[in-house]
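what shape does this take:
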Amino acid sequence: MSYGTAGSLRSVTLDDVRGAQKMLSGVARATAMEGSRHLSQLVGAPVHLKCENLQRTGSFKLRGAYVRIAGLLPEERAAGVVAASAGNHAQGVALASSLLGVHATVFMPQGAPLPKVSATREYGAEVRLHGQVVDETLAAAEEYAAETGAVFIHPFDHPDIIAGQGTVGLEILEQCPEVRTVVVGVGGGGLAAGIAVAVKALRPDVRIVGVQAEGAACYPPSLAAGRPVSLDSPATMADGIKVGRPGEVPFGIVGELVDEVRTVSEDQLSAALLLCLERAKLVVEPAGAAPVAALLAAPDGFEGPVVAVLSGGNIDPLLMQRVLRHGMSAQGRYLAVRLRLTDRPGALATLLGALSVVDANVLDVSHVRTDPRLGLTEAEVELHLETKGPAHCAEVGQALRDAGYTVID
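This next block holds a predicted model:
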């Protein structure tokens, strides 16, 4: 590796990434690349999915973590390592440390998904829950490092981390040599920077497009300002890219080598996750679906062949349930309505009969008779319906109005 003394910000090179690839041989998987017929038809060119959600630990993070920890001096390894993460980096550090025989302490937010906390412990790390947001968790981990001498393993702001993540770029060129555009999710920027280093060195004609969640898009204002800029309160369900400030090291690389950074909405992330599950049969987390969300948002804005990097698949089942319902709602396939009716025998059956005529599938019914807002003879009903698209939603609403019902919201 070209990384020199501690604190050096020497640029990451293609040789660094190739060295990382050799180091990761037998450790990280060369993950599959799957074609997507649906996305290809939408974009009008071949679209391939780089499945880092199928990587060991469920994300690309193992690559950078292993390279970083493997490069430590013997005395540094003896002191152990410490990291902070909402989940994916935590698992990458835990497994890498276990493989290398290094003690790892991982700080995670108190609200971190339980599957990620459990997996991190199972990989061998000592887990400490601290803080409500990742910034507080990072501060606690850095304080622990200062007190104990453990080496802090940053999730994205280190050349070795970036070089390890860059091995994804080498695999993309090996698996899809005709690629014209690579689309990758961006949080702190480590993955995008590493892929850009590898791809641009070998194929400078390939366009690299980064994707951020609208509520945690720290790169657009930072690139405009020419320096890393902090967001006050990043907010997105895509916790894997929920970062309030770009890393110093990846920021310089992204600014130089990444052609564009786009943003996507929460609705677009939900729709992308749903598409990956239904059409590609792949479980991804919201951050991993960000590149697909960008393709769905502007399908004519990418030159093919396109490779979309599915960066991770570690999603809390409860969050998946909410996201899928949100995605179905955004596509007009799920409808929630609330209305009032006369509280008399058979009134609910009559309502459900009106819905059956328009083939709306009732998923859930909430029937309230006692509430200060209701009249003596009134009842309120909330219905959750499975529908077939926006046109069907409109048809359901019209059928309810035609039957004399007033929809409250």
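
ranges for the strands of the protein?
33-35, 47-51, 81-84, 104-108, 126-129, 151-152, 181-185, 207-213, 260-264, 306-310, 334-342, 361-368, 378-386 (DSSP state E).

so which of these comes closest to residue 242?
Proximity to residue 242 (C-beta to C-beta) singles out strand 207-213 among the strands of the chain, at 7.2 Å. In this view, the C-beta of every residue, glycine as well, is placed from N, C-alpha and C.

okay, now the sheet partners of that closest one, with direction.
strand 181-185 (parallel), strand 260-264 (parallel) (DSSP bridges).

those strands: which one's closest to residue 379?
That would be strand 260-264 among the strands paired with strand 207-213, by C-beta to C-beta, at 40.7 Å.

can you list the residues that contact the closest one?
186, 207-214, 217, 219-220, 223, 254, 272, 290, 293-294, 297-298 (C-beta atoms under 8 Å, 6 or more residues apart in numbering).

next one: it to chain centre, how far?
14 Å (C-alpha atoms, centre = their mean, to the nearest Å).

name the residues of that strand that come out as buried.
Neighbour counts using 16 or more other C-beta atoms under 10 Å place 261-264 of strand 260-264 among the buried residues.

how about stretch 230-239?
In stretch 230-239, the ones that count as buried by 16+ other C-beta under 10 Å are 231, 234, 236-239.

next: stretch 39-52.
39-40, 43, 45-52.

what's the answer for stretch 290-301, then?
Neighbour-count burial for stretch 290-301 flags 290-297, 299 (criterion: 16+ other C-beta under 10 Å).

which pair in the residues you listed spans the largest distance?
290 and 299 (15.2 Å).

and the contacts of strand 260-264, which of them are buried?
For these, buried by 16+ other C-beta under 10 Å: 186, 207-213, 217, 219-220, 223, 254, 272, 290, 293-294, 297.

pull up the distance across stretch 366-379, start to finish.
Length of stretch 366-379, first residue to last, C-alpha to C-alpha, to the nearest Å: 10 Å.

average pLDDT across that stretch?
Stretch 366-379 comes out with an average pLDDT of 68.

cool, and stretch 224-244?
89.

so which residues make contact with it?
59, 86-88, 113, 134-135, 156, 185-188, 212-218, 221-222, 245-248, 251, 255, 266, 269, 285-290, 311-312, 314, 319, 323.

enumerate every residue touching the nearest residue to residue 382 once chain neighbours are set aside.
Nearest non-adjacent residue to residue 382, counting by C-beta to C-beta, 6 or more residues apart in numbering: residue 366, 4.1 Å away. By C-beta under 8 Å, 6+ apart, the contact list for residue 366 reads 381-383.

closest one to residue 108 out of the residues you listed, please.
Once C-beta to C-beta is applied, the member of these that ends up nearest residue 108 is residue 382, at 36.0 Å.

re earlier: in JSON lines: the buried residues of stretch 230-239, plus distance to residue 360.
Formatted as JSON lines, the buried residues of stretch 230-239 follow (distance: C-beta to C-beta, whole Å):
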{"residue": "231", "distance to residue 360": "41"}
{"residue": "234", "distance to residue 360": "38"}
{"residue": "236", "distance to residue 360": "31"}
{"residue": "237", "distance to residue 360": "27"}
{"residue": "238", "distance to residue 360": "31"}
{"residue": "239", "distance to residue 360": "34"}
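
among the residues you listed, which two are most distant?
Applying C-beta to C-beta across these, the maximum distance is between 231 and 237, 15.9 Å.

neighbours around the residue lying closest to residue 379 once chain neighbours are set aside, how many?
Leaving aside its sequence neighbours, residue 379 sits nearest to residue 343 (C-beta to C-beta, 6+ apart; 4.0 Å). Residues near residue 343, counting by other C-beta atoms under 10 Å, number 17.

how much space separates residue 343 from residue 233?
The spacing between residue 343 and residue 233, counted by C-beta to C-beta, to the nearest Å, is 44 Å.

over to residue 104?
Counting by C-beta to C-beta, the gap from residue 104 to residue 233 is 30 Å.

swap in residue 79?
35 Å.

same check on residue 382?
On the measure of C-beta to C-beta, residue 382 and residue 233 end up 31 Å apart.

residue 205 now?
39 Å.

now swap in residue 246 and tell me
Noted for residue 246: a distance of 16 Å to residue 233, by C-beta to C-beta.

check residue 129 too.
The value you get for residue 129 to residue 233, if C-beta to C-beta is used, is 21 Å.

now the longest helix belonging to the chain: buried residues?
For the chain, the helix that runs over the most residues, judged by DSSP state H, is helix 159-175. Across helix 159-175, burial judged by 16+ other C-beta under 10 Å covers 159-173.

for the most centrally placed residue in the chain, which non-adjacent residue is closest in space?
The chain has residue 287 as the residue nearest its centroid, 1.0 Å off, counting by C-alpha atoms, centre = their mean. Distances taken as C-beta to C-beta, 6+ apart put residue 240 closest to residue 287, at 2.9 Å, once the chain neighbours are dropped.

how about the helices in the stretch 301-409 of the chain?
Under the criterion DSSP state H, counting those that start in this stretch, the stretch 301-409 of the chain contains helices at 317-330, 347-357, 390-402.

which residues sit against the shortest one?
To tie it back to what came earlier, the one meant is helix 347-357. Contacts for helix 347-357 (C-beta under 8 Å, 6+ apart): 339, 341, 362, 365, 367, 379, 381, 383, 385, 396, 399-400, 403, 405.
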